[in-house]
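Participant: What follows is a predicted protein model with its sequence.
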Amino acid sequence: MRRFFLFIPLVIFFVMGIFLYQGLQLDPTNLPSALIDKPLPEFRVSSLYDEDRVITEEDLKGKPALLNVWATWCPSCKQEHAQLNRIKEEGYVIYGVNYKDDRGKAKEWLRRYLDPYSENIFDKTGSFGINLGVYGAPETYVIDAEGVIRYKHVGVVDEKVWAQLKPILQKLENGQEAK
């Protein structure tokens with residue numbers, strides 16, 4: 001009977017090893033979102049450039065677009081910024097969500113590194129980000145012309161990620177279902 005109890009730690013170790021090994025196969029940028037295929041949450045937040053101007057979810061409708069969550073305190077956001085400017089040059093719409101940041105620093109950042117955003121939402125408290133399910137910056141959502149979230153990417157948008165996002169936007173622009 002004693003020998004049986006000697007194998008219990010070995011069995012527990014083996015089972016834990018299997019679970020940990022499976023975890024290594026997961027993509028850390030693939031964080032599920034309960035909002036996929038649902039409209040953007042309702043919001044009323046000021047514009048980054050004009051604190052008296054209120055932006056709502058209605059302002060983000062009309063054309064498929066990227067919704068990029070960024071901040072000046074985020075080193076990865078600086079890393080992806082040049083790519084976002086190239087995406088804008090290709091003619092795609094990008095909306096920015098300046099997340100838990102300082103308005104003055106954010107304006108200076110966009111002056112220095114160029115502004116790829118058609119609209120820039122100033123989410124000082126992070127309340128809009130919380131409603132979006134933001135884990136942190138940067139995060140990028142693909143929204144359709146009706147403001148429905150079709151895809152979410154956590155992390156830097158680089159050339160490789162853009163190669164995945166671009167076909168989704170193109171399908172949406174052509175009126176096709178993006179999956």
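Facilitator: Thanks, I have it. Residues are numbered from 1 along each chain as shown.
Participant: Pull up the per-residue confidence for Pro39.
Facilitator: Pro39 is assigned a predicted lDDT (pLDDT) of 97.
Participant: can you map out the helices along this protein?
Facilitator: In the chain, the helices defined using DSSP state H lie at 2-24, 75-89, 103-113, 127-132, 159-173.
Participant: quick one: low-confidence parts of the protein?
Facilitator: Within the chain, the stretches with pLDDT under 70 are 1-33, 178-179.
Participant: hmm, try it at 50
Facilitator: 27, 29 (pLDDT under 50).
Participant: Quick one: end-to-end length of stretch 121-139, please.
Facilitator: Using C-alpha to C-alpha, to the nearest Å, one end of stretch 121-139 lies 14 Å from the other.
Participant: what bridges to Arg44?
Facilitator: Judged by DSSP bridges, the bridge partners of Arg44 are Thr56.
Participant: correct me, but it touches Val54?
Facilitator: Yes - counting by C-beta atoms under 8 Å, Arg44 touches Val54, with 5.3 Å between them. Just so you know, the C-beta spots here come from the backbone N, C-alpha and C atoms, and that holds for glycine as well.
Participant: quick one: which of those two has more around it?
Facilitator: Set Arg44 next to Val54 and count neighbours by other C-beta atoms under 10 Å: Val54 wins out with 12 against 9.
Participant: gap between that one and Asp115?
Facilitator: 20 Å (C-beta to C-beta, to the nearest Å).
Participant: One more: Tyr49?
Facilitator: 9 Å.
Participant: who's more crowded, these two?
Facilitator: Ranked by neighbour count (other C-beta under 10 Å), Tyr49 and Asp115 place Asp115 first, with 18 against 15.
Participant: Now do the buried residues in stretch 106-124.
Facilitator: Using 16 or more other C-beta atoms under 10 Å as the test for burial, stretch 106-124 gives 106-107, 109-110, 115-124.
Participant: same check, this time on stretch 83-99
Facilitator: Going by neighbour count (16+ other C-beta under 10 Å), the buried part of stretch 83-99 is 83-84, 87-88, 92-99.
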